[in-house]
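Visitor: Provided below are the primary sequence and the corresponding predicted coordinates.
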Amino acid sequence: MRFYDLISTIFALGQLPTGKYCGSKTVFGETINGVVTFKTSEILDFAISGDFTINCADEYYTVSGSQVVLRDIGVVGDCTHDALADNKITLDAITYDSAANSLDVAVKYSIAKIDIQLTPCSGSIDIS
């Protein structure tokens with residue numbers, strides 16, 4: 001763990017999301033599903049689907065304030081980076097609201113800016 005990541009983690013203690021968060025939103029008649037599963041304090045699974053499918057396991061992340069930052073999103077060869085690029089999607093932000101215990105995943109797909117609110121969930125979610 002890098003020093004910056006350690007400081008970010010310590011600063012955010014008590015405010016970190018844990019477990020699985022799910023949600024969906026219908027945009028222009030297409031249902032967009034999202035699932036983020038926090039596996040450890042630095043590894044998560046990230047999945048969104050609609051007219052596309054992005055399903056990436058074991059992505060490294062940090063928390064900076066309310067922002068959940070995928071550490072390797074700018075690295076060619078990283079699952080999330082490549083899947084977003086292949087589908088012409090931009091991840092604007094993943095924001096955690098500790099008071100509501102929810103995530104907001106903001107993406108841009110084609111001409112649409114899409115915000116998907118995710119809340120704690122359990123069980124299997126279809127991302128296909």
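Guide: Arrived safely, thanks for sending.

Visitor: what ranges do the helices span in this structure?
Guide: Secondary structure of the chain (DSSP state H): helices located at 3-12, 79-86.

Visitor: mean pLDDT lowest for which of those?
Guide: Among the helices of the chain, helix 3-12 carries the lowest mean pLDDT, a mean of 46.

Visitor: Any regions of this protein where pLDDT drops low?
Guide: 1-14, 123-128 (pLDDT under 70).

Visitor: how about the strands in it?
Guide: With DSSP state E as the criterion, the chain has strands at 19-27, 30-38, 43-49, 53-64, 67-70, 89-97, 102-109, 112-120.

Visitor: tally of neighbours for the closest residue to residue 20 other than its chain neighbours?
Guide: The spatial neighbour of residue 20 that comes closest, neighbours along the chain excluded (CB to CB, 6 or more residues apart in numbering), is residue 37 at 4.5 Å. All C-beta atoms are positioned from the backbone trio N, CA, C, and that covers glycine. By other CB atoms under 10 Å, the residues close to residue 37 number 18.

Visitor: cool, residue 103 as well?
Guide: Neighbour count for residue 103, taken as other CB under 10 Å: 23.

Visitor: Contacts only, for the closest residue to it other than its chain neighbours.
Guide: Distances taken as CB to CB, 6+ apart place residue 118 nearest to residue 103, at 4.2 Å, with adjacent residues excluded. Counting by CB atoms under 8 Å, 6 or more residues apart in numbering, residue 118 touches 21, 22, 23, 34, 35, 36, 102, 103, 104, 105.
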